[in-house]
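Engineer: Here is my input, please return the structure:
(4 chains)
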2 protein chains.
Amino acid sequence: MISSKFLKGRGRERLSPEAQSLLEGSIGDVQVVPGAKTLVRRGEPIRSSMLIVEGFICRSADDHQGQRQMVSLHVPGDFVDLDGFKLRRLDHDVITVGPAKVAIYEHDAIAKLIRRSSHLTASFWISGLLDAAIHRAWIFRLGRLEADARIAHFFCELHARLEAVGLAQNASFEFPLTQPDLGQALGLTGVHTNRVLRSLRERGLLTLKNRRVDIGDWKSLARLGNFEPGYLYSSGSKAGNH
Amino acid sequence: MISSKFLKGRGRERLSPEAQSLLEGSIGDVQVVPGAKTLVRRGEPIRSSMLIVEGFICRSADDHQGQRQMVSLHVPGDFVDLDGFKLRRLDHDVITVGPAKVAIYEHDAIAKLIRRSSHLTASFWISGLLDAAIHRAWIFRLGRLEADARIAHFFCELHARLEAVGLAQNASFEFPLTQPDLGQALGLTGVHTNRVLRSLRERGLLTLKNRRVDIGDWKSLARLGNFEPGYLYSSGSKAGNH
DNA sequence: CGCGCATTTGAATCCCGTCAATATATGTGG
DNA sequence: CCACATATATTGACGGGATTCAAATGCGCG
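Structural biologist: Numbering: from 1, shown residues only, chains lettered A, B, ... in the order given. Model (predicted):
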């Protein structure tokens, strides 16, 4: 099923079979889009939202000189711009990283779903709350961690989220971002990102090569990155693991 | 009315009189709490949420050495931990800055409100989405801006939000954070925060003194901070003002 | 009045950015 | 299959913004 990954990467919530089939039945269209394509521009009115089926899509804002800051990165199973359903426009751009496949949901269709299923309404609401929790972890990363720890934390999170949707096998997963892209996510320049990646590689913690990440030492990586997965609210993670 | 500021600082949404009175009638308790008090600890199960009536409350996470990163700052009219209603626990601590007055909403009462009013359900949902939008601006600030621009952006946002709830008069407002507190919000040390504040003062942009902010040159401050208020979704702000 | 807290300032250090150059893919057309 | 163009990765040298450590000054409050 096209929509079967929804919320899988997000918390312990699971859809009931009825909700799942309602969701599946409301897909307006499935589109394949090339990489590095801006799907939605900041501020423009939108009338539909996208569920990622395959590929990575990021949201990013830019400063006055056009320098970008990535504010979130989405993977299959994520609703990218569901907030647009309520807010009517976005405060950022939506851009594909590599090629991606998305399921389009017209806002009219979402409105119908909400009227028919309070379970789906709650799921959509929760999806937004988990986005916010991930944003907060992103803030923590940028505000408190140095470059090596930022990278460590970032990949710990991404690994956890990809594993939840079956896209990570034994500490290895596809990662379509270039090093400058990664820098935009972490508040670093591409050059410095490269240097720190080398350091992590030499320390045996992590290897990034040919669009693929291999985690060499998960435990050290999590310690370095101050990573505590509680904020992902997944079924496995304990509450308040200090 | 105690709850009358809800959502005023957040976007163009307004509550209907019926929704407003439902909300007012569901207040479980009103409490006055001292400053610098931890109201909720990360991970602990919660059964109620708080609407701020007076004062500032922040949410913050800490690293392995106990160093704090503030991830959001809330003002009167904000529901601080409404996500706890859905998620049952929080991924961060909730701490008062100065003394504050809060209206407590038991989760049972919120559940009742949601069953009785789809309008309030939508408002609660939107409240979380606007939190997320503010988080994204926070990420942008930390990732792309240097210290002086971070401070500028931060105070531009805060001024806009306080003005929306009637707590800012002609570019001046109460600000109960110390300089180290401000540093925790901006990913800076207290020492450097102090130096940059001096620079902003000397440039005539902003003065912080005796727990009060005076904005000297709003336009320059907004330009320096790359501030574009679209993400606050307030009725006044135009969409996509690049 | 004096204690505690916040603010302010100095000096040395370090992490990261900038500028520049080179190397290594990756892909394309002749 | 090679020549060429483009994108990505890598490395060096230098400068600058922020941290760290330390000390001094101001200020509110009991």
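
Engineer: Quick check: residues of chain A near DNA strand C?
Structural biologist: Within reach of DNA strand C by Cβ under 7 Å from any atom of the strand, chain A has these residues: A:Glu146, A:Ala147, A:Asp148, A:Gly187, A:Leu188, A:Thr189, A:Val191, A:His192, A:Val196, A:Asn210. Just so you know, the C-beta spots here come from the backbone N, C-alpha and C atoms, and that holds for glycine as well.

Engineer: What about DNA strand D: which of these touch it?
Structural biologist: Restricting the residues of chain A next to DNA strand C to those near DNA strand D - Cβ under 7 Å from any atom of the strand - leaves A:Val191.

Engineer: Mind picking the one among the residues of chain A next to DNA strand C that's closest to A:Asp62?
Structural biologist: Using Cβ to Cβ, A:Gly187 comes nearest to A:Asp62 of the residues of chain A next to DNA strand C, at 13.5 Å.

Engineer: how deep is the closest one tucked in, by neighbour count?
Structural biologist: 21 (other Cβ atoms under 10 Å in any protein chain shown).

Engineer: for the one 3 residues further on, same thing?
Structural biologist: Residue crowding around A:Gly190 was assessed by other Cβ under 10 Å; the count is 13.

Engineer: For chain A, which segments are assigned as strands?
Structural biologist: Ranges of strands in chain A, per DSSP state E, are A:29-33, A:38-40, A:48-54, A:57-62, A:68-74, A:93-96, A:100-106, A:172-174, A:206-209, A:212-215.

Engineer: now these as JSON lines including mean pLDDT and mean neighbour count?
Structural biologist: Formatted as JSON lines, the strands of chain A follow (pLDDT from 0 to 100; neighbours: other Cβ atoms under 10 Å in any protein chain shown):
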{"stretch": "strand A:29-33", "mean pLDDT": "96", "mean neighbour count": "13"}
{"stretch": "strand A:38-40", "mean pLDDT": "97", "mean neighbour count": "16"}
{"stretch": "strand A:48-54", "mean pLDDT": "97", "mean neighbour count": "21"}
{"stretch": "strand A:57-62", "mean pLDDT": "97", "mean neighbour count": "22"}
{"stretch": "strand A:68-74", "mean pLDDT": "98", "mean neighbour count": "23"}
{"stretch": "strand A:93-96", "mean pLDDT": "98", "mean neighbour count": "21"}
{"stretch": "strand A:100-106", "mean pLDDT": "97", "mean neighbour count": "19"}
{"stretch": "strand A:172-174", "mean pLDDT": "96", "mean neighbour count": "16"}
{"stretch": "strand A:206-209", "mean pLDDT": "96", "mean neighbour count": "18"}
{"stretch": "strand A:212-215", "mean pLDDT": "97", "mean neighbour count": "17"}
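
Engineer: Please list all residues in contact with the residue nearest to A:Ala132 when sequence neighbours are not counted.
Structural biologist: Sequence neighbours aside, B:Ala132 is the residue nearest to A:Ala132 in space, at 4.1 Å (criterion: Cβ to Cβ, 6 or more residues apart in numbering or on different chains). Counting by Cβ atoms under 8 Å, 6 or more residues apart in numbering or on different chains, B:Ala132 touches A:Asp83, A:Gly128, A:Asp131, A:Ala132, A:His135.

Engineer: Likewise for A:Glu157?
Structural biologist: A:Glu157 sits next to A:Ile134, A:Ala137, A:Phe227, A:Pro229, A:Leu232 when contact means Cβ under 8 Å, 6+ apart.

Engineer: make it 7 Å
Structural biologist: Counting by Cβ atoms under 7 Å, 6 or more residues apart in numbering or on different chains, A:Glu157 touches A:Ala137, A:Phe227.

Engineer: Return the backbone torsion pair for the residue lying closest to A:Asp217 once chain neighbours are set aside.
Structural biologist: Take A:Asp217 and drop its neighbours on the chain: the residue closest to it by Cβ to Cβ, 6+ apart is A:Leu205, 5.1 Å away. As for A:Leu205, its main-chain torsions (degrees, to the nearest 10) stand at phi -90, psi -40.

Engineer: quick one on the thing from earlier: restricted to helices, list the contacts of B:Ala132.
Structural biologist: A:Asp83, A:Gly128, A:Asp131, A:Ala132, A:His135 (DSSP state H).

Engineer: looking at it, the second one is touching A:Gly84, isn't it?
Structural biologist: No - with contacts counted by Cβ atoms under 7 Å, A:Gly128 stays clear of A:Gly84, the gap being 10.9 Å.

Engineer: Relative to A:Leu197, how far out is the closest residue to A:Thr178 other than its chain neighbours?
Structural biologist: Closest residue to A:Thr178 apart from its sequence neighbours, by Cβ to Cβ, 6+ apart: A:Gly190 at 7.6 Å. The gap separating A:Gly190 from A:Leu197 is 10 Å, by Cβ to Cβ, to the nearest Å.

Engineer: and for the two, which residues touch both?
Structural biologist: With Cβ under 7 Å, 6+ apart as the test, A:Gly190 and A:Leu197 both reach A:Gln179.

Engineer: Which strand residues bridge the residue nearest the centre of chain A?
Structural biologist: What sits nearest the mean C-alpha location of chain A, by Cα atoms, centre = their mean, is A:His74, with 2.5 Å. When bridges are called by DSSP bridges, A:His74 pairs up with A:Ile57.
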